[in-house]
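Chemist: Structure of the sequence below:
(one chain, ligands or ions: 1)
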Amino acid sequence: MIRSLKYYFATLFIGILILSCSEDINIDLKKEDIIPLPRRIQVAQGSFEMTASTPINLLGDETKLRPLAEYFNAQIAKATGFELTARSKSGASNGINLFLEENTDNRFSEDYSIEVVKQNLVISADTEAGLFYGIQTLLQMLPPEIHADGVQDVQWLVGTGTIRDRPSYEYRGAMLDVARHFFDVADVKKVIDYVSAYKLNRLHLHLTDDQGWRIEIKSWPDLTAVGGQTQVGGGEGGFYTQEQYQEIVDYAASRYVTIVPEIDLPGHTNAALAAYPELNCNNQSPDLYTGIEVGFSTLCTDKEIVYEFVDDVIRELAAMTPGEYIHIGGDESHATKKEDYIKFMNRTQEIVQNHGKKSIGWDEIATASMLEGNVVQFWASEENAKKGVLQNAKLILSPAKKTYLDMQYDSTSRIGLHWAAYIEADSAYLWEPDEYVPGIKKENIYGIEGPLWTETVITMDDIEYLMFPRLTAIAEIAWTSKDNREWESYSERLAKHAEVWDVKDINYYQSPKINWDLEEIEQ
Ligand code: ACM
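Modeler: So this is what the prediction gives:
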């Protein structure tokens, strides 16, 4: 009896010690280095600890909430060795709470809030997308080891306080060119993980170009059988079957990313012209192309068969596209006469509309007549961007001098091009969407996108080198309000993200513009 009492008191004492220790651990939420920076962070004293016995409480429609709990569990499983138990509850209680408010006035909202006290953490949002972004923020608040592949001996603490957050722009995107060099489904899924971790919600896939046609179109099978055979440099190329493409679309949707498919027309079409001679004015197919010149190919815009082709392609693509938009390219059609270009782009927009979708085009599209609701993607010509606004079109801003992820950082970068600019980490961050083109204001801007063209990009390592850290600059510009953005703060926050990239083995560019030494920063 005495022995067991002693044991009881000893255990109690140790218990109190542990409790008071964790009470003493103060984590400053403001120093959690979240990218993109949330709109408001209020700091409290103390911390919340996630352990193997922390439940995930599902407050709201369980069928909607369970996949989010599963996603969170999958993200933390390897590093923690835990699988948290998810259970339906009617009110917040100890543990991690996912609260789906489903206010019907806010069906498209991506806002979320996180309230953390010692015993519980509540992520609230009107939509599942909002909860997903709250989960991304929580993953960034946890120690970087949370991304490790094996179980870590780490206390999983997050700071207490409140975060209220909402995006600045609706369309927040990146683009991957899978035409110049082909990337398989697994690579594209990785890119979807990268973009969604930074709260981007669109991945634009540049599916066709002179060097390759990468999406199966069943009514025109040689597009891929012939046009998908090669790539820049003469490698073997490749393409997605419709089933594989569906897998990409579904995976993206599970991370609240909409795939925006692009069929680049009427130029950038050598691969299609090589597959089908009837699309050429001279009825002869050119050779497949493996170089990196642009502006030499065009569909024969006078031929009716060309519009039948466009109709078939858009019909099959629209059936695989849950999103609102199909991108119809329209850039650099230097081999198409101006009047032919306008006629073609007008008719193609109608075809897209007939298949229930809206069109996005590179900024040259604004020289044609924009159908209502269609979008101009500004990349080069301010004049075209303004023409788009005069036609009441919304704009996606992808100024090549700031957002082109394939530009070299400086003249020593091992890959990349520099025809638009060298874009160092600071230059990628230091610009304002609503000041970039005189006369174009915030209300004209649908969003921001960083395109990654792949003339010089062959491997996943290459993708990572050009995307990191600049993808995070695009994400912060697209998400965080202008008055909350500051280079000094962002560049300091990046150092902690580099720790995550190290844990995940992401091959980022160690820009000399950034102090990557966390210890130095914290002093
Ligand atoms: C482009 O860079 N040709 C849109």
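
Chemist: give me the low-pLDDT residue ranges for this protein?
Modeler: Scanning the chain for pLDDT under 70 picks out 1-24, 523.

Chemist: Report the buried residues of stretch 289-297.
Modeler: Within stretch 289-297, the residues scored as buried using 16 or more other CB atoms under 10 Å are Tyr289, Thr290, Ser297. The way it works is simple: take the backbone N, C-alpha and C, and place the C-beta from them, glycine included.

Chemist: For the second one, list the residues it contacts.
Modeler: Yep, that's Thr290 we're talking about. Applying CB atoms under 8 Å, 6 or more residues apart in numbering, we find Thr290 in contact with Gln211, Thr230, Gln231, Val232, Gly233, Gly234.

Chemist: List the contacts of the residue in the stretch 251-400 of the chain that the ligand sits nearest to.
Modeler: For the stretch 251-400 of the chain and the ligand, the shortest gap (CB to the nearest ligand atom) falls at Asp331, measuring 4.0 Å. By CB under 8 Å, 6+ apart, the contact set of Asp331 is Asp264, Gly267, His268, Gly361, Trp362, Asp363, Glu364, Trp379.

Chemist: The third one and Asp209 touch, don't they?
Modeler: Yes - counting by CB atoms under 8 Å, Asp209 is a contact partner of His268 at 4.7 Å.

Chemist: Those two - which one has more neighbours?
Modeler: Asp209 (31 against 27; other CB atoms under 10 Å).

Chemist: And for the more buried one, nearest residue in space, chain neighbours not counted?
Modeler: Ala179 (3.6 Å; CB to CB, 6 or more residues apart in numbering).

Chemist: hang on, the one you found packs against Gln211?
Modeler: Yes - if you go by CB under 8 Å, Ala179 and Gln211 touch, sitting 5.9 Å apart.

Chemist: Overlap in contacts, these two.
Modeler: Taking CB under 8 Å, 6+ apart as the criterion, Ala179 and Gln211 both touch Gln231, Ala271.

Chemist: so which strand or helix has the residue most central in space within the chain?
Modeler: Most central in the chain under CA atoms, centre = their mean is Val195, positioned 3.1 Å from the mean C-alpha point. Following DSSP states H and E, one finds Val195 within helix 185-197.

Chemist: Pull the residues that contact that helix.
Modeler: 132, 136, 139, 173-174, 176, 178, 183, 203, 205, 240, 244, 247-248, 251-252, 255-257, 460, 463, 467-468, 471, 475, 506.

Chemist: buried sites along it?
Modeler: Going by neighbour count (16+ other CB under 10 Å), the buried part of helix 185-197 is Val188, Val191, Ile192, Tyr194, Val195, Ser196, Ala197.

Chemist: got TSV for those residues, with distance to Gln119 too?
Modeler: Converted to TSV, those look like this (distance: CB to CB, whole Å):
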residue	distance to Gln119
Val188	41
Val191	38
Ile192	35
Tyr194	34
Val195	34
Ser196	29
Ala197	28
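
Chemist: returning to what we had before: any idea which of the contacts of Thr290 is closest to the ligand?
Modeler: Distances from the ligand to these, taken by CB to the nearest ligand atom, are shortest for Gln211, at 13.5 Å.

Chemist: so that closest one touches Gln229, yeah?
Modeler: No - Gln211 is beyond contact range of Gln229, at 10.2 Å (criterion: CB under 8 Å).

Chemist: Between those two, which contacts overlap?
Modeler: Here Gln211 and Gln229 share the contacting residues Gly237, Leu288, scored by CB under 8 Å, 6+ apart.

Chemist: So which of those two has more stuff around it?
Modeler: Higher neighbour count among Gln211 and Gln229: Gln211, with 29 against 18, using other CB under 10 Å.

Chemist: So what does that one have for phi and psi?
Modeler: Backbone geometry at Gln211, expressed as degrees, to the nearest 10, gives phi -90, psi -10.

Chemist: Now do it against Tyr429, distance only.
Modeler: Counting by CB to CB, to the nearest Å, the gap from Gln211 to Tyr429 is 32 Å.

Chemist: cool, and Leu417?
Modeler: Distance of Leu417 to Tyr429, given as CB to CB: 20 Å.

Chemist: ok, the two, which is more surrounded?
Modeler: Set Leu417 next to Tyr429 and count neighbours by other CB under 10 Å: Tyr429 wins out with 23 against 15.
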